[in-house]
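K.L.:
Structure of the sequence below:
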Amino acid sequence: MSIASDLIRGHTETIILALLTRSDSYGYRINKAIRTATKGAYELKEATLYTAFRRLEEADYIRSYWGSEESGARRRYYTITEAGRIAYARLLEEWQRANVLINRLVEGNIEGGDL
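P.N.:
Numbers count the residues shown, from 1 in each chain. As a prediction, this is how the structure comes out:
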C-alpha cells in the first residue's frame, strides 16, 4: 500500500537533509534509500527531488559537486552545509512537535472536552 504523497510532500526537504547528514549522496541513491526505507510505499518523483535540491542549494543548506568518473557515470553529489545541519535540527523538531499534535488529534486524546 502506498502512502498518499500529500502526507509526505511538505517534508521532502527534511527527508533529504536527514539522508545527507549521514553521508554525501546523489539523486538516484537518495530516492532509492527512500524507497528502501519505506519498503516501496513512497518514492519521490524525479522532478520533485531535483526541485527540492535546487531550493536547498538556494537556501545554502546543501552544496553540489561532481563526483569522479572512476565508478562509472559522472554524478552530481550533494553535501549538507552547516546552515543545512541547523535547518535540519529545526525541521526535525518541528516534525516531532507536529507528530505529537496530530497523534493526539487522530487518536482522540484531547484534554478539556470534545471538538
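
K.L.:
Could you list the low-pLDDT ranges of the protein?
P.N.:
For the chain, the stretches with pLDDT under 70 are 1-5, 71-72, 109-115.

K.L.:
can you pull out the helices in it?
P.N.:
Listed in chain order, the helices of the chain (DSSP state H) span residues 5-9, 12-22, 27-37, 46-58, 82-107.

K.L.:
just how off-centre is stretch 69-80 within its chain?
P.N.:
20 Å (CA atoms, centre = their mean, to the nearest Å).

K.L.:
what's it in contact with?
P.N.:
Residues outside stretch 69-80 that contact it (CB atoms under 8 Å, 6 or more residues apart in numbering) are 16-17, 20-21, 24-28, 30, 53, 56, 61-68, 88. The way it works is simple: take the backbone N, C-alpha and C, and place the C-beta from them, glycine included.

K.L.:
Using PDB, write down the CA coordinates of that stretch.
P.N.:
The C-alpha trace of stretch 69-80 is given here as PDB (Å, rounded to 0.1, in the frame of the first residue of the first chain):
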ATOM      1  CA  GLU A  69      34.100   9.000 -13.100                       C
ATOM      2  CA  GLU A  70      36.000   6.100 -11.700                       C
ATOM      3  CA  SER A  71      32.900   4.300 -10.600                       C
ATOM      4  CA  GLY A  72      31.100   4.700 -13.900                       C
ATOM      5  CA  ALA A  73      29.000   7.700 -14.900                       C
ATOM      6  CA  ARG A  74      29.900  11.100 -13.500                       C
ATOM      7  CA  ARG A  75      27.300  12.000 -10.800                       C
ATOM      8  CA  ARG A  76      26.300  15.200  -9.200                       C
ATOM      9  CA  TYR A  77      26.700  14.700  -5.400                       C
ATOM     10  CA  TYR A  78      25.100  16.800  -2.700                       C
ATOM     11  CA  THR A  79      26.500  17.600   0.700                       C
ATOM     12  CA  ILE A  80      24.900  19.300   3.700                       C
END
